[in-house]
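1. dropping the sequence and predicted coords here.
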Amino acid sequence: MANFPGTWMTESESVVYRVVPKCACSTIGQIMYYSDHGAFFDGDIHDAKTGIHKWALDDSKPLIERNVAAHQSYAFTCVRNPYTRILSSFFDKICGVQRNGKYYRGNLVPLLIQKYGIEVGDPESGFEFDQIKSFRRFLLFARDTIRWRRPMEPDIHWSAMSGHISTFIVNGGRYDSIFWTEKFNDGMQQVLDGIETKHPVDLAQIPRFNESEGHGPKRAHPVEDYFDDLSMHIVYEVYKKDFRIFKYDFENPANKMPIGEIDIDEVHAKLG
């Protein structure tokens with residue numbers, strides 16, 4: 001059986017989406033849900049067990065596999081600048097208290113505090129801590145998980161986007177479009193123009209479902225302040241493919257916008 005982890009599909013099978021964590025996935029999932037039902041899922045779309053097909057749900061698996069293997073529906077995914085994505089992972093997953101009121105993955109944060117000297121601040125003190133120093137230490141940890149799979153396997157929120165996106169291709173899927181979070185409306189509109197939806201979607205009216213908002217400290221500095229020469233080197237070591245294939249600017253962390261067009265054939269060739 002081919003394997004399509006992280007793949008979602010509307011119940012109407014109008015569209016197939018490969019989820020890439022930290023790349024507008026909550027908003028995209030809600031748009032897919034809305035396009036079928038004329039209403040948003042009440043809660044975090046990641047918790048939805050009905051109303052949308054997901055590879056993680058046993059009943060959905062054969063439907064997704066059949067659809068993707070035959071390329072019956074429009075298939076797409078969405079990417080984000082690697083600098084802002086890893087920063088967002090840090091503030092959300094490491095510093096933030098999750099929906100269940102606990103730290104992400106239970107003992108992960110204490111492990112990081114102990115092994116890497118990371119501080120995350122706490123709500124009592126208004127999250128006062130040295131964000132730059134802590135983030136750079138987190139970056140070492142993220143690199144260790146990706147390069148050497150220790151002290152644990154890499155987490156989906158900071159493993160490379162090219163890794164997520166390639167599983168779909170390697171197992172026989174093909175993307176019709178890959179767009180940037182930074183130009184979300186343009187990219188999502190292109191998808192909507194390419195499919196038939198039960199309910200019309202007006203992107204101008206769609207709220208942004210940022211499920212990570214509000215449960216961690218706010219980023220206190222511009223993006224580029226978090227990345228010195230060494231941090232940039234580490235980011236490049238881990239996300240080299242992401243920068244190259246999805247056309248982001250490695251040289252300048254202050255520029256979150258892409259610097260070229262994504263070549264979908266190149267993506268399939270290099271990630272297949």
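-> Done, it's in.
2. burial of Phe4, as a residue count?
-> When neighbours are defined as other C-beta atoms under 10 Å, Phe4 has 23 of them. C-beta coordinates here come from the backbone N, C-alpha and C atoms, glycine included.
3. my guess is it contacts Asn67. True?
-> No - counting by C-beta atoms under 8 Å, Asn67 is not a contact partner of Phe4; they are 9.5 Å apart.
4. Phe184 in helix, strand or coil?
-> For Phe184, the assignment made with DSSP: H, G, I helix; E, B strand; the rest coil gives helix.
5. not counting its neighbours along the chain, what's nearest it?
-> Using C-beta to C-beta, 6 or more residues apart in numbering and skipping residues adjacent in sequence, the residue nearest Phe184 is Ala24, 5.8 Å away.
6. now the one you found: how far from Lys102?
-> Separation of Ala24 from Lys102 (C-beta to C-beta, to the nearest Å) stands at 25 Å.
7. pretty sure His268 contacts Gly172?
-> No - counting by C-beta under 8 Å, His268 does not reach Gly172; the two are 11.3 Å apart.
8. next SSE after the host helix or strand of Arg244?
-> Arg244 belongs to helix 229-246 when assigned by DSSP states H and E. The helix or strand immediately downstream of helix 229-246 is helix 264-271, counting by DSSP H and E.
9. quick one, that following helix and helix 229-246 angle?
-> Going by axes from the mean of the first three to the mean of the last three C-alpha atoms, to 10 degrees, helix 264-271 is angled at 120 degrees with respect to helix 229-246.
10. tell me which other helices or strands helix 264-271 touches.
-> The contact analysis (3 or more C-beta pairs under 8 Å, 6 or more residues apart in numbering; DSSP states H and E) places helix 264-271 against helix 161-170, strand 177-180, helix 229-246.
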